[in-house]
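Trainee: give me a model of this one.
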Amino acid sequence: MGGKPSSTSQAYVPYRTAALKCGPYTQWQYRASIAQDKAAQALEHSHRPWRMTHDPLVDWVVQALRRGWTPKMIAGRLRLLYPEDTRMRICAESIYQWVYSKAQKWRELVQYLPRGNKKETKTLGP
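Mentor: Numbering: from 1, shown residues only. Sure, this is the predicted structure:
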């Protein structure tokens, strides 16, 4: 046979650490398969769903916005009121993103933000 190894041969199996005779300074070695697994896990967790899926949090934020609170005030107050409940925490930027999202347009919460302006979008061309 000879030539190029097939995908099922030992050439494609990662080296085992016990088989390497390298010494104490080279115990930790790069493994592409491990790096690929970590990258795949990071990709799964990079686009997590909105924090605003917890109904009590949504209700609290909407009521606070209608009372005239800024998103920064809301984020700070939630941290004080619910120190143990991580589902009741959100940062001010996430509140802004949630308010401006297309799914929340029907709530018309933009008017309760400090400036009350619609989000400006860039237009291409003249």
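
Trainee: can you list the domains in this structure?
Mentor: For the chain, automatic domain parsing gives the domain ranges 16-46, 55-112.

Trainee: which sections of this protein are below the confidence cut-off?
Mentor: Within the chain, the stretches with pLDDT under 70 are 1-29, 47-50, 116-126.

Trainee: and stretch 86-97, how far apart are its ends?
Mentor: 19 Å (Cα to Cα, to the nearest Å).

Trainee: tell me the most buried of the domains of the chain?
Mentor: Most buried of the domains of the chain, by mean neighbour count (mean count of other Cβ atoms under 10 Å): domain 55-112, with a mean of 15. Yep, even glycine has a C-beta here, placed from its N, CA and C like the rest.

Trainee: in three-state terms, label Glu84 for me.
Mentor: Here Glu84 is coil, with the state taken from DSSP: H, G, I helix; E, B strand; the rest coil.

Trainee: so where do the strands sit in this protein?
Mentor: Under the criterion DSSP state E, the chain contains no strands.

Trainee: quick one, longest helix in it?
Mentor: The helix that spans the most residues within the chain, counting by DSSP state H, is helix 32-46.

Trainee: packing partners of that one?
Mentor: Helices and strands touching helix 32-46, as assessed by 3 or more Cβ pairs under 8 Å, 6 or more residues apart in numbering; DSSP states H and E, are absent.

Trainee: going forward, count from 822.
Mentor: Yep, numbering from 822; the last one is helix 853-867 now.

Trainee: C-alpha coordinates for it, CSV please?
Mentor: Coordinates of each C-alpha in helix 853-867 appear next as CSV, following Å, rounded to 0.1, in the frame of the first residue of the first chain:
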residue,chain,number,x,y,z
ALA,A,853,-6.1,20.9,17.3
SER,A,854,-9.1,18.6,18.1
ILE,A,855,-9.3,20.0,21.7
ALA,A,856,-9.0,23.6,20.4
GLN,A,857,-11.8,22.9,17.8
ASP,A,858,-14.0,21.5,20.6
LYS,A,859,-13.5,24.6,22.7
ALA,A,860,-14.1,26.9,19.8
ALA,A,861,-17.4,25.1,19.0
GLN,A,862,-18.5,25.4,22.7
ALA,A,863,-17.6,29.1,22.6
LEU,A,864,-19.7,29.6,19.5
GLU,A,865,-22.7,27.9,21.1
HIS,A,866,-22.6,30.2,24.0
SER,A,867,-21.7,33.4,22.2
